[in-house]
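1. with the input below, show me the fold.
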Amino acid sequence: MKFRPAAGLWLAAAIAAASLGCSGSPGSKINGKVTLDGQPVEGAEITLIPGGGTGGERVGAQSGPGGTFHINGPTGTGVSAGDYKVLVLKMVLEDPKELEAAKGEAARAKVLSTAKKKNTLPDGYSDPAKTPFKAKVPGTDNLQLDLKSSGP
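-> Residues are numbered from 1 along each chain as shown. Sure, this is the predicted structure:
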């Protein structure tokens, strides 16, 4: 039997493609809403951190109008399977006048990166040891984060 290099390449490519397909299917995309005392929170940072020792990576999103958010994973194909703790915070400049005084794009960027910021949401929601929120992927596709001013 004669060896055919082209046939060998096709076989190698087929094996590689099959092994990539077995490494995992696309993850789940998570939609949700953040509220504080029943009112939507725009501009909150929602972060999922691996919390159950089942793998996964940190992923997150920012809430938009109406407090809604969409977490699509690091490559847009979804969040990897696993158990996650959900952290929520909303950082704002301690002195917004610093940003108003900044002239030009570079000056504004410098203020945003160096100015002191504060979390306007109760601290317990941004602490992995205190947050009451969890997500299981797959399984969580609609995440309602109902925060209370009194904290978790």
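
2. which parts of the chain are strands?
-> For the chain, the strands defined by DSSP state E cover 30-36, 39-40, 45-50, 59-62, 68-71, 82-89, 91-93, 117-119, 134-137, 142-147.

3. of all those, which one is nearest residue 111?
-> Checking the strands of the chain against residue 111 by Cβ to Cβ gives strand 91-93 as the closest, at 7.7 Å. For glycine as for every other residue, the C-beta is placed from the backbone atoms N, C-alpha and C.

4. now the strands of the chain as TSV including mean neighbour count?
-> Putting these into TSV (neighbours: other Cβ atoms under 10 Å) gives the following:
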stretch	mean neighbour count
strand 30-36	20
strand 39-40	12
strand 45-50	20
strand 59-62	18
strand 68-71	19
strand 82-89	21
strand 91-93	13
strand 117-119	13
strand 134-137	18
strand 142-147	16
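
5. which among those is found nearest to residue 100?
-> Of all those, strand 91-93 comes closest under Cβ to Cβ, at 9.8 Å.

6. what does the closest one contact?
-> With contact meaning Cβ atoms under 8 Å, 6 or more residues apart in numbering, strand 91-93 is reached by 43, 45, 99, 111-112, 115-120.

7. let me know the average pLDDT across that strand.
-> Computed over strand 91-93, the mean pLDDT rounds to 83.

8. in its sheet, what does it sit against?
-> strand 117-119 (antiparallel) (DSSP bridges).

9. show me the contacts for residue 121.
-> Taking Cβ under 8 Å, 6+ apart, we find residue 121 in contact with 36, 41, 44, 88-90, 147.

10. got the end-to-end distance for stretch 138-149?
-> Stretch 138-149 has its terminal residues 30 Å apart, counting by Cα to Cα, to the nearest Å.

11. for it, what is the distance to the chain centroid?
-> 13 Å (Cα atoms, centre = their mean, to the nearest Å).

12. what stretches of this structure score poorly on pLDDT?
-> When residues are selected by pLDDT under 70, those of the chain lie in 1-26, 52-56, 99.
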